[in-house]
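Peer 1: Take this sequence and fold it.
(2 chains)
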Number of protein chains: 2
Amino acid sequence: MATLNGHHARPHDPHSVGIVQRQYAHFDVVLPLRSGARLEGFTLAYETYGQLNAERTNAIMICHALSGDAHVAGYFTDDPAEKPGWWDEAVGPGKMFDTDRYFVICSNVIGGCQGSTGPSSLAPDGRPYALRFPVLTVADMVRAQTHLLEFLNIPTLFAVAGGSMGGMQALQWAVDYPERVRNVLFIAATPVSSTQNIAFNELGRQAIYADPRWNRGDYYDSADRPDGGLAVARMIGHITYMCEDSLNHKFGRQFHGHDGYGFTFETDFEVESYFRYQGQKFTQRFDANSYLYITKALDYFDIADGYGSLSAALERLRAETLVVSFSSDWLYTAEQALDLVTVLEQIGKEVEYHLIQANFGHDSFLVEVELMTRLIGGYLDRQWQREQARLAETPKPDVS
Amino acid sequence: MATLNGHHARPHDPHSVGIVQRQYAHFDVVLPLRSGARLEGFTLAYETYGQLNAERTNAIMICHALSGDAHVAGYFTDDPAEKPGWWDEAVGPGKMFDTDRYFVICSNVIGGCQGSTGPSSLAPDGRPYALRFPVLTVADMVRAQTHLLEFLNIPTLFAVAGGSMGGMQALQWAVDYPERVRNVLFIAATPVSSTQNIAFNELGRQAIYADPRWNRGDYYDSADRPDGGLAVARMIGHITYMCEDSLNHKFGRQFHGHDGYGFTFETDFEVESYFRYQGQKFTQRFDANSYLYITKALDYFDIADGYGSLSAALERLRAETLVVSFSSDWLYTAEQALDLVTVLEQIGKEVEYHLIQANFGHDSFLVEVELMTRLIGGYLDRQWQREQARLAETPKPDVS
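Peer 2: Predicted coordinates:
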């Protein structure tokens, strides 16, 4: 099991998608944006897992959240120290998105910084866009993804799924492109960003603006990046992903590295150390301008936008919808999800709603793996079987 | 009613304490601190309202919150544009702290920046303390206030009252100096800072640390102060004083200055404008280092500290306690206040608890004036009458 250079290879895990590769698709098209601006060509970084079936009917698009990327599952190398993709527990053989049956796709959103075109990408003039990059909406992110679907020659998606901003994209997919989406999995998300959602995002942006190294977005040539501001922005976001209970359970008032109060401004409590570390770590993988663009898209998100009302938007759905929210999620609350469920029921659309009692706040959707496997995996399986049954019933042309 | 320079004088308001003056008391004593450090002399800025009675029994100490100061009520000038003290609605003739009956005192905490000795004050060497100022606890703030009480020659307080950090001080008063406090009014506060409380405070501090102009606290000689970081810290605090409902009711998704999305990083929504403005305004009246010191004292706050347990600390109380919390306060929750109430009841101390259904989050205690007047004013009146009745029953020496 030793490799040539002495590293131990990753042991075989039958439930892992194994080694994967990030792929890139460049689209030499003009992408018209909700703002009226146009993006002159763009790249999407994406990954796929499992096999597309011969009928091209088993594709599931997973959409990522604010700080996510296309690397949902598996590993890039066989280095056992490497961590897997961000939702590895969800995607693989026998997992909730079962790659023995489904062909799973995930792409990095435009505006992002993990391989898709965003503010840190080079503009046609050869310099990074920075704030010249157009301000985007979730609808624009989804429109970009339609090009990837066409590139992969997939006419319809069995499902679009996502948590948090991923759930918003999933719903936007089904509203904007109803003929291409058969099921929506809307998890820990909201049909419209609330005032408090906007306020927290703005606080994060203010933390970035307040860092002189941000320099109105023009820092890509500088050795000194706005990491301080970005780390604070991340901490502000991060605290909204947890909840009082999960923080208390995880850290309580435990001290960090000493007993009792330090009476300095060094770290006193474990919880401080946790947030500092998470904030700093984030700056190694994320771009401050992307943080601005993506939070702006979140603020703008209102599924009614462009259709006049929530019910008018949802009337367009041909997909069936699974809505999952978590009792301790105070970022995107059960009440917000219920606004969606209520209207779907009023207009007679198929919807299944689960409010999960969980103590991990917004992050519950990533933490409660067994429960989510039963719920999401079970839903997908039922919908798949129903589809197969319907297909079997469809009269075939008489060839006798 | 016109003054010489053409300004209109403030009209007479029979319920206002009117024009008041900030006073200063310097204490040329060594203040031993919880950390083991000592403060070599200190000043307290304070204000008083109403008259101390001949028996010196009608004094109420009001303690202020994180960003508060000694200026609780009234005005410094007769300029009608001047805003009154921070709890003017609570203190005055006929108000909940009725200055026709009570003598009300409030002093700025040590560590603060509104006239009492803090990190921006000059150390004995003639330079600002900055981070050389000792890290404080709420108990240290209260200990400093005992010197003011002795200076005013007031043996016991009819009540100590406060909201938020003011409530913590009030409870600390009654635990540390039981013989000097007859009633505690503990409003929108917690007997111990929770993990989430600490985390939010640390986020605010991180915002200040991240501002290069903070310069490890050494900025008092600089024209360029860490206002950017301080403004973000204030916004992080401010959002915890409100709640989803109050933000939604006040701002919803209203746009600021234009209709529809701006597709820039200028202000889109009213709620963004509000937080930006409040953050910037705060920097005009507050010192970044004081923000660090006071939030640190909040983090350290645990009324059990030094006594072994919550019940051991509370056993010391000779005061009766009124505890008030608000349903929508997610900073210091009803659950946190109930931890105090439960133990007080278990050990047989007099306590009255009110959970108020209010939609203004933590700030409810400042907003729900009528309700608070009935509740606080009513409680104080009942306690006052009981005390008078007890005094009347006390057998007087026979002088016949």
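Peer 1: I'd assumed A:H256 was in contact with A:S273.
Peer 2: Yes: the pair A:S273 and A:H256 qualifies as a contact (Cβ atoms under 8 Å) at a distance of 4.4 Å. The way it works is simple: take the backbone N, C-alpha and C, and place the C-beta from them, glycine included.
Peer 1: Could you tell me which residues touch both of those two?
Peer 2: Shared contacts of A:S273 and A:H256, defined by Cβ atoms under 8 Å, 6 or more residues apart in numbering or on different chains, comprise A:T267.
Peer 1: Pull the contacting residues for A:A73.
Peer 2: A:A73 neighbours (Cβ under 8 Å, 6+ apart): A:16-17, A:20, A:47, A:49, A:84-85, A:87-88, A:90-92, A:104.
Peer 1: what kind of secondary structure is it in?
Peer 2: Put simply, A:A73 is coil when judged by DSSP: H, G, I helix; E, B strand; the rest coil.
Peer 1: Setting aside sequence neighbours, what's the nearest residue to it?
Peer 2: Nearest non-adjacent residue to A:A73, counting by Cβ to Cβ, 6 or more residues apart in numbering or on different chains: A:V91, 3.8 Å away.
Peer 1: Tell me which helix or strand the nearest residue to A:Q114 once chain neighbours are set aside sits in.
Peer 2: Nearest residue to A:Q114 in three dimensions, chain neighbours excluded: A:D69, at 3.6 Å (Cβ to Cβ, 6+ apart). Following DSSP states H and E, there is no helix or strand that holds A:D69.
Peer 1: Looking at A:D69 now. What's its pLDDT?
Peer 2: The confidence metric pLDDT takes the value 98 at A:D69.
Peer 1: and if you look at A:L4?
Peer 2: Reported pLDDT at A:L4 in the predicted model: 45.
Peer 1: what's the answer for A:H12, then?
Peer 2: 83.
Peer 1: can you pull the contacts of it?
Peer 2: A:H12 is in contact with no residue at all, counting by Cβ under 8 Å, 6+ apart.
Peer 1: hang on, A:L136 packs against A:L33?
Peer 2: Yes: at 6.5 Å, A:L136 and A:L33 qualify as touching, with contact defined as Cβ under 8 Å.
Peer 1: and the two? which has more neighbours close in?
Peer 2: Ranked by neighbour count (other Cβ atoms under 10 Å in any protein chain shown), A:L136 and A:L33 place A:L136 first, with 28 against 19.
Peer 1: how about that one, secondary structure?
Peer 2: When classified by three-state DSSP, A:L136 comes out as coil.
Peer 1: swap in A:G118?
Peer 2: State at A:G118, reduced to three classes by three-state DSSP: coil.
Peer 1: for A:G112, what are its contacts?
Peer 2: If you count contacts by Cβ under 8 Å, 6+ apart, A:G112 has them with A:69, A:118, A:290, A:294.
Peer 1: Measure how far stretch A:209-217 is from the centre of its chain, please.
Peer 2: Centroid separation for stretch A:209-217 versus its chain: 26 Å, with Cα atoms, centre = their mean, to the nearest Å.
Peer 1: Can you list the buried residues in that stretch?
Peer 2: A:209-211, A:213-214, A:217 (16 or more other Cβ atoms under 10 Å in any protein chain shown).
Peer 1: What's the separation between the residue minimising distance to the centre of chain A and chain B?
Peer 2: Nearest to the mean C-alpha position of chain A, counting by Cα atoms, centre = their mean, stands A:H64 at 1.5 Å. To chain B, A:H64 is 23 Å away according to Cβ to the nearest Cβ, to the nearest Å.
Peer 1: Same check on A:A392?
Peer 2: In this view, A:A392 and chain B are 47 Å apart by Cβ to the nearest Cβ.
Peer 1: ditto for A:D381
Peer 2: For A:D381, the distance to chain B - Cβ to the nearest Cβ - is 36 Å.
Peer 1: Any idea how many residues pack against that residue?
Peer 2: Neighbours around A:D381, by other Cβ under 10 Å: 13.
Peer 1: Also A:E350?
Peer 2: With other Cβ under 10 Å as criterion, A:E350 counts 13.
Peer 1: Give me the phi and psi angles of it.
Peer 2: phi -70, psi 120 (degrees, to the nearest 10).
Peer 1: thinking again about what came up before, tell me which of the contacts of A:A73 fall in strands.
Peer 2: A:47, A:49, A:91-92, A:104 (DSSP state E).
Peer 1: could I get those as a markdown table with neighbour count?
Peer 2: Listed next are the ones in strands among the contacts of A:A73 as a markdown table, based on neighbours: other Cβ atoms under 10 Å in any protein chain shown:
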| residue | neighbour count |
| --- | --- |
| A:E47 | 25 |
| A:Y49 | 25 |
| A:V91 | 29 |
| A:G92 | 27 |
| A:V104 | 26 |
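Peer 1: Which one of those residues is nearest to B:W330?
Peer 2: The shortest gap between B:W330 and any of these belongs to A:V91, at 34.5 Å (Cβ to Cβ).
Peer 1: Please name the bridge partners of that closest one.
Peer 2: Assessed by DSSP bridges, A:V91 has beta-bridge partners A:F97.
Peer 1: Enumerate every residue touching it.
Peer 2: A:17, A:49, A:62, A:72-73, A:85, A:97, A:99, A:104.
Peer 1: Next, give phi and psi for A:D224.
Peer 2: A:D224 adopts backbone torsions of phi -110, psi 100, taken as degrees, to the nearest 10.
Peer 1: Skipping its backbone neighbours, what lies nearest it in space?
Peer 2: A:R213 (5.0 Å).
Peer 1: That neighbour falls within a helix, correct?
Peer 2: Yes: assigned with three-state DSSP, A:R213 falls within a helix.
Peer 1: Spit out the contact partners of it.
Peer 2: A:R213 sits next to A:219, A:222, A:224-229, B:212 when contact means Cβ under 8 Å, 6+ apart.
Peer 1: tell me the two of the ones in strands among the contacts of A:A73 that are most distant?
Peer 2: By the measure Cβ to Cβ, A:E47 and A:G92 form the most distant pair in these, at 12.7 Å.
Peer 1: Where do the helices of the stretch 301-400 of chain A begin and end?
Peer 2: In the stretch 301-400 of chain A, the helices defined using DSSP state H, counting those that start in this stretch lie at A:310-315, A:334-346, A:364-367, A:369-372, A:378-393.
Peer 1: ok, and the closest non-adjacent residue to A:H238?
Peer 2: Nearest non-adjacent residue to A:H238, counting by Cβ to Cβ, 6+ apart: A:Q278, 5.6 Å away.
Peer 1: Make sure I have this right: the one you found is in a helix.
Peer 2: Yes: membership of A:Q278 in a helix is supported by three-state DSSP.
Peer 1: Show the contacting residues for the residue of the stretch 251-400 of chain A found nearest chain B.
Peer 2: Closest approach between the stretch 251-400 of chain A and chain B, counting by Cβ to the nearest Cβ: A:F263, at 3.9 Å. Applying Cβ under 8 Å, 6+ apart, we find A:F263 in contact with B:35-37, B:134-135.
Peer 1: and if you look at A:A313?
Peer 2: By Cβ under 8 Å, 6+ apart, the residues touching A:A313 are A:175, A:303-307.
Peer 1: swap the cut-off to 10 Å and go again
Peer 2: A:A313 is in contact with A:171-172, A:174-176, A:191, A:302-307, A:343, counting by Cβ atoms under 10 Å, 6 or more residues apart in numbering or on different chains.
Peer 1: and the gap between it and A:A319?
Peer 2: The spacing between A:A313 and A:A319, counted by Cβ to Cβ, to the nearest Å, is 13 Å.
Peer 1: overlap in contacts of the two?
Peer 2: Taking Cβ under 10 Å, 6+ apart as the criterion, A:A313 and A:A319 both touch A:171, A:174-175.
Peer 1: Include pLDDT and secondary structure when you put these into a markdown table, please.
Peer 2: Below are these laid out as a markdown table (pLDDT from 0 to 100; DSSP: H, G, I helix; E, B strand; the rest coil):
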| residue | pLDDT | secondary structure |
| --- | --- | --- |
| A:L171 | 98 | helix |
| A:A174 | 98 | helix |
| A:V175 | 98 | helix |
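Peer 1: Most neighbours among those residues, which one?
Peer 2: Neighbour tally across the shared contacts of A:A313 and A:A319 (other Cβ under 10 Å): the maximum, 31 neighbours, falls on A:L171.
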